[in-house]
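[1] The following comprises the amino acid sequence and a computationally predicted model.
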Amino acid sequence: MKKILLIATGGTIASKYTEQGLSPQISANELLEYVPAAREFCTIDTEAPFSLDSTNVCAKHWAALAELIEKKYDAEEIQQRVLNGDGGSWIKEAYDPEVIFQLDRFHIYQEIKRRLKEKEAQEAVTELFESQKIDEMLEYIQIYEDSVESDDETDKRSSNAKKLYEYLPNNKEGLLPYQERGIKIPEAKAGILYKNMGVQENQNCTVITLRMKYRRMRWSANGANNMAKTLYRKENLELVETIERYTDGLVLTMQMEEVIESLSAAKAPKKEGKGNAYADVITHHIPMLDGMRTASRKAFIKAFCS
């Protein structure tokens, strides 16, 4: 059975909500409870030298990790190290020139989607990246940045494209995986399997952090603010009045008319046998149910259509 050393250092994955906001609170053993099947195919040893927010990690913490690893393993047997990260300065602060650095593909794709909201631009940059045309990709981002520049302060397309351009060149040496750069590493010994970039981040997202974000999604700042305003008005019995003010009562009137018609006894004949006696009622059209089920629409439907 394989042996795995899990070193817990805090970060987003180990955070819980506190009165001061998100703070690393989850221990290594608690993290393992989210993936109980892991113990079925490997023996896991855990260590927790510190528990900090990622932005508070610096060179002395890297030194502590190196010391811990040297105690657990024979460092003399390590022939090559690969640093696979998100490009954060705190990760590269203690960067050893002999270490192979590569930017995690999970974060590259995430940054492209975050900074480029227009689908055509997203697809063009992604295609150039996957074709390993790095210089052409950077040139395209610069041209796009200039083409969408606007005097409108609310238009963030140009500034976001600039941030993407700064992020990628700052990590240019790691944009391609080491295999594509002609770098050879020692053959894996029996029982050891080399994983490609993005595996760890993908597993974190799919297996563990899904508990917080669901469907790999998260609230945008605007979405969270709008939901907070909606819930505030609902709790203060102001939501119906607000909706009527902005829709002239159209949404609620349409809903009321259709629900009344659907629940009419004459149009919902009783059915004999098993199942829902009034199944036709819930198959009739209700406003807003045809749209994509975003979290805000689900909340609205729960409040008014349930």
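    All right, it came through fine.
[2] how close does the closest residue to Asn160 other than its chain neighbours get to Asp146?
    Excluding the flanking residues, the one nearest Asn160 by CB to CB, 6 or more residues apart in numbering is Arg115, at 4.3 Å. In this view, the C-beta of every residue, glycine as well, is placed from N, C-alpha and C. To Asp146, Arg115 is 15 Å away according to CB to CB, to the nearest Å.
[3] follow-up on the earlier one: quick one: neighbours of the residue nearest to Asn160, just the number.
    When neighbours are defined as other CB atoms under 10 Å, Arg115 has 23 of them.
[4] now the end-to-end length of stretch 4-19.
    Criterion CA to CA, to the nearest Å; first-to-last residue distance in stretch 4-19 is 34 Å.
[5] Am I right that Arg39 is in contact with Leu32?
    Yes: using CB atoms under 8 Å, Arg39 is in contact with Leu32, at 7.4 Å.
[6] Neighbour count: the two, which is higher?
    Counted by other CB under 10 Å, Arg39 and Leu32 do not tie: Leu32 has more neighbours, with 17 against 12.
[7] show me the contacts for the more buried one.
    Leu32 makes contact with 6, 38-39, 44, 46, according to CB atoms under 8 Å, 6 or more residues apart in numbering.
[8] one more time with 7 Å, if that's ok
    With contacts defined as CB atoms under 7 Å, 6 or more residues apart in numbering, the neighbours of Leu32 are 38, 44.
[9] C-alpha coordinates for whichever helix or strand Lys234 is part of, PDB please?
    Secondary structure assigned from DSSP states H and E places Lys234 in helix 221-235. Taking C-alpha atoms only, helix 221-235 is exported to PDB below (Å, rounded to 0.1, in the frame of the first residue of the first chain):
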ATOM      1  CA  ALA A 221     -19.600  40.500  -5.800                       C
ATOM      2  CA  ASN A 222     -22.600  42.000  -7.700                       C
ATOM      3  CA  GLY A 223     -24.500  38.800  -7.400                       C
ATOM      4  CA  ALA A 224     -23.900  38.500  -3.700                       C
ATOM      5  CA  ASN A 225     -24.900  42.100  -3.200                       C
ATOM      6  CA  ASN A 226     -28.100  41.700  -5.200                       C
ATOM      7  CA  MET A 227     -29.000  38.600  -3.300                       C
ATOM      8  CA  ALA A 228     -28.400  40.300   0.100                       C
ATOM      9  CA  LYS A 229     -30.600  43.200  -1.000                       C
ATOM     10  CA  THR A 230     -33.300  40.800  -2.100                       C
ATOM     11  CA  LEU A 231     -33.200  38.900   1.200                       C
ATOM     12  CA  TYR A 232     -33.200  42.100   3.200                       C
ATOM     13  CA  ARG A 233     -36.400  43.300   1.400                       C
ATOM     14  CA  LYS A 234     -38.000  39.900   1.900                       C
ATOM     15  CA  GLU A 235     -37.300  39.900   5.600                       C
END
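[10] what helices or strands is the following helix or strand past that helix leaning on?
    Scanning forward in sequence from helix 221-235, with DSSP H and E defining helices and strands, the next element found is helix 239-247. Taking 3 or more CB pairs under 7 Å, 6 or more residues apart in numbering; DSSP states H and E as contact, the helices and strands that helix 239-247 lies on are helix 221-235, helix 250-262.
[11] least reliable of the ones you listed going by mean pLDDT?
    Within the helices and strands packed on helix 239-247, confidence is poorest for helix 250-262, with a mean of 50 (mean pLDDT).
[12] could you list every residue that touches Ile26?
    Applying CB under 7 Å, 6+ apart to Ile26 gives the contacts 14, 16.
[13] Wait, a helix at it?
    No: the assignment for Ile26 is coil, going by DSSP: H, G, I helix; E, B strand; the rest coil, so no helix is present there.
[14] Okay, it and Lys71: tell me how far apart.
    In this view, Ile26 and Lys71 are 24 Å apart by CB to CB.
[15] does Asp151 count as helix, strand or coil?
    coil.
[16] how many neighbours does it have?
    The local packing count at Asp151 equals 5, with neighbours defined by other CB under 10 Å.
[17] going forward can the numbers begin at 21, since that is how I track them
    Understood, numbering begins at 21; the last thing we discussed is Asp171.
[18] any idea how far it is from Ser178?
    Going from Asp171 to Ser178 by CB to CB gives 11 Å.
[19] could you give me the average pLDDT of stretch 43-54?
    When pLDDT is averaged along stretch 43-54, the result is 86.
[20] Mind listing what's buried along it?
    Of the residues in stretch 43-54, 44, 46, 48, 51-52 count as buried by neighbour count, 16 or more other CB atoms under 10 Å.
[21] returning to what we had before: just checking, the residue nearest to Asn180 touches Ala181?
    Yes: in this structure, Arg135 sits in contact with Ala181. The criterion is CB atoms under 7 Å, and the distance is 6.2 Å.
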